[in-house]
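Trainee: My questions are about this predicted structure, shown below with the sequence.
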Amino acid sequence: MKPPSQRLVRGQILHFLADPGPADDPAAWQFFDDGGLWIEDGHIRAAGPWDTLTAALPADVRSSATIDDHRGRLVLPGFIDTHLHYPQAGIVGAFSHQLLDWLNEHTFPAEARFADPAEATRSAEFVVGRLLAHGTTTASVFATVHAHSADAFFAAAAARNLRMLCGKVLMDCHCPDALRDTAASGDRDSRALIERWHGHGRLRYSITPRFAATSTADQLRRAGELFASRPDLHLQSHLAENPAEIAWIASLFPERRDYLDVYAHFGLLGPRAIHAHCIHLDDEQRRRLAASGSAVAFCPSSNLFLGSGFFDHAASSAAGIRVGLASDVGAGTGFSSLRTLAAAHAVGQACGTPLSALRGFYLATLGGARALYLDDFIGNFQPGREADFVVLDWSATPELAWRLERCRSLAERLFALMILGDERCIVATHVLGETAWRRA
Ligand code: GUN
Ligand code: ZN
């Protein structure tokens, strides 16, 4: 039998054990300034101070391990993007007004081009490569209505051994003919994709009704039944993003109390369901969302770009809702979790609750894993977790270096990184311990 592969990573290790909350609870995180990770066969065996970790290693491990020396660099669990649309990478930064105009002017035409499987394959390869270049190792991803677009994304993720969620969009009304499925064909295609990909390596299927406006009651009901049919399937959609959208949903489902109640009625809430945006919710809807176990994908750059509003992260997490960070590309303005965190801080300021760096890096790592119910596998460096991690250069730009010279505490340094940093800070991205991307 082949001995297990052994790898040691040396650097400034930061990871989270819980949500630090608004008061930056020091018990929620660990930081090892000269730290180490011991990785065996792609999984974390231990994390701690370098000297202690290496002193406790069995002699054969110490002699055989590959060592990645990243001293002076920050090592974090891989970023988790809890909501993005890979077919929309080509419309990031397309001018429009708000959500419904943007969908008609840019989104639907771009997604219609995915009728061509070659467009899907090329885009999936591009997006997976760019996610890794941005330090993102897991994402919850919308394909288009075309089943082959989900195949293309899963294939690109499988080729790199990534832990990814994806689903074909369900959309059987109120959209261009070229993008419309039927309740029956959407159900059939989703089931076939589940057979092909769900549980294949690290991949999981996420049932993907686009939003309440573009599915008939029949399609929403079938999506809920499919979600309930197996305990390990995921579900993703959009909820309460924009005032005009919400008024439209109210006119389509007048018998329901509100938008959330539409999803509750059709069985689209629960553990492993994640709904993007959730900006315009009242306290009763937040209570209901929390009680259901559903999570929220917080998409600050998208919400600013489309003028959708300010997600109240403080109120949502205080209500007990799981919240993860999301780029929401293509309404979001890029894949960088650092830039998205800077936007989250700006949104927090608008709500009177600025986002601290510790809570921000929690959101981008363990918070995302918890929102996707994947925290048994990823999100921190506890023993047994899959060793997906990212190495960051603190001083990737002259402005960062200048600012960091003047920072005194770790919290200050992390905050500077979160506000001034971007993909130029990413030195290397590792998947199951192996280098998946490295800065040139
Ligand atoms: N609501 C329905 N579809 C979409 C989409 O593609 N992007 C965003 N931001 N909101 C949506
Ligand atoms: Zn979205």
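Mentor: Looks like it arrived, so ask away. Residues are numbered from 1 along each chain as shown. Ligands and ions are numbered 1, 2, ... in the order given.

Trainee: my read is Asp24 is in a helix, agree?
Mentor: No. Counting by DSSP: H, G, I helix; E, B strand; the rest coil, Asp24 falls outside a helix, being coil.

Trainee: Tell me which residue lies farthest from the centre of the protein.
Mentor: Going by Cα atoms, centre = their mean, the residue of the chain most distant from its centre is Ala59, 38.7 Å out.

Trainee: residue contacts, the closest residue to ligand 2 within the stretch 101-250 of the chain?
Mentor: Per Cβ to the ion, His238 is where the stretch 101-250 of the chain lies closest to ligand 2, at 5.5 Å. C-beta coordinates here come from the backbone N, C-alpha and C atoms, glycine included. His238 is in contact with 210-211, 275-277, counting by Cβ atoms under 8 Å, 6 or more residues apart in numbering.

Trainee: In a strand, it, correct?
Mentor: Yes. Assessed by three-state DSSP, His238 belongs to a strand.

Trainee: Now do the contacts for the closest residue to it other than its chain neighbours.
Mentor: For His238, ignoring the flanking residues on the chain, the nearest one in space by Cβ to Cβ, 6 or more residues apart in numbering is Phe211 at 4.2 Å. Contacts for Phe211 (Cβ under 8 Å, 6+ apart) come out as 237-239, 241, 245, 249.

Trainee: mind listing which of the contacts of His238 are in strands?
Mentor: Under the assignment DSSP state E, the contacts of His238 contribute 275-277 to strands.

Trainee: Can you name the residue of the stretch 251-400 of the chain that approaches ligand 1 most closely?
Mentor: Ala331 (3.8 Å; Cβ to the nearest ligand atom).

Trainee: near ligand 2, which residues of the protein?
Mentor: Residues of the chain lying close to ligand 2 (Cβ under 5 Å from the ion) are 276, 328.

Trainee: pretty sure Tyr86 is in contact with Thr136, am I right?
Mentor: No. Using Cβ atoms under 8 Å, Tyr86 is not in contact with Thr136, being 11.9 Å away.

Trainee: How far does whichever helix or strand Gly36 is part of sit from its chain's centre?
Mentor: Taking DSSP states H and E as the definition, Gly36 sits inside strand 29-40. Offset of strand 29-40 from its chain centre (Cα atoms, centre = their mean, to the nearest Å): 23 Å.

Trainee: Quick check: buried residues in it?
Mentor: For strand 29-40, the buried set under the neighbour-count rule, 16 or more other Cβ atoms under 10 Å, comprises 29-30, 32, 35-40.

Trainee: taking the mean pLDDT, what do you get for it?
Mentor: If you average the pLDDT over strand 29-40, you get 98.

Trainee: The nearest residue to Gly11 once chain neighbours are set aside: neighbour count?
Mentor: Excluding the flanking residues, the one nearest Gly11 by Cβ to Cβ, 6+ apart is His70, at 3.6 Å. For His70, the count of nearby residues is 21 (other Cβ atoms under 10 Å).

Trainee: okay but His70 is in contact with Leu392, surely?
Mentor: No. Using Cβ under 8 Å, His70 is not in contact with Leu392, being 9.1 Å away.

Trainee: re earlier: Throw the contacts of Phe211 into JSON lines and include pLDDT and distance to Ala343, thanks.
Mentor: Shown next, in JSON lines, are those (pLDDT from 0 to 100; distance: Cβ to Cβ, whole Å):
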{"residue": "Ser237", "pLDDT": "99", "distance to Ala343": "22"}
{"residue": "His238", "pLDDT": "98", "distance to Ala343": "18"}
{"residue": "Leu239", "pLDDT": "98", "distance to Ala343": "19"}
{"residue": "Glu241", "pLDDT": "98", "distance to Ala343": "15"}
{"residue": "Glu245", "pLDDT": "98", "distance to Ala343": "20"}
{"residue": "Ile249", "pLDDT": "98", "distance to Ala343": "26"}
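
Trainee: and which of those residues is nearest to ligand 1?
Mentor: Closest to ligand 1, out of all of the contacts of Phe211 and judged by Cβ to the nearest ligand atom, is His238, at 4.0 Å.

Trainee: How about Gly309, nearest residue that isn't a chain neighbour?
Mentor: Gly309 sits nearest to Ile279 (Cβ to Cβ, 6+ apart), 4.3 Å away.

Trainee: The one you found and Ala212, how far apart?
Mentor: Per Cβ to Cβ, to the nearest Å, Ile279 is found 15 Å from Ala212.
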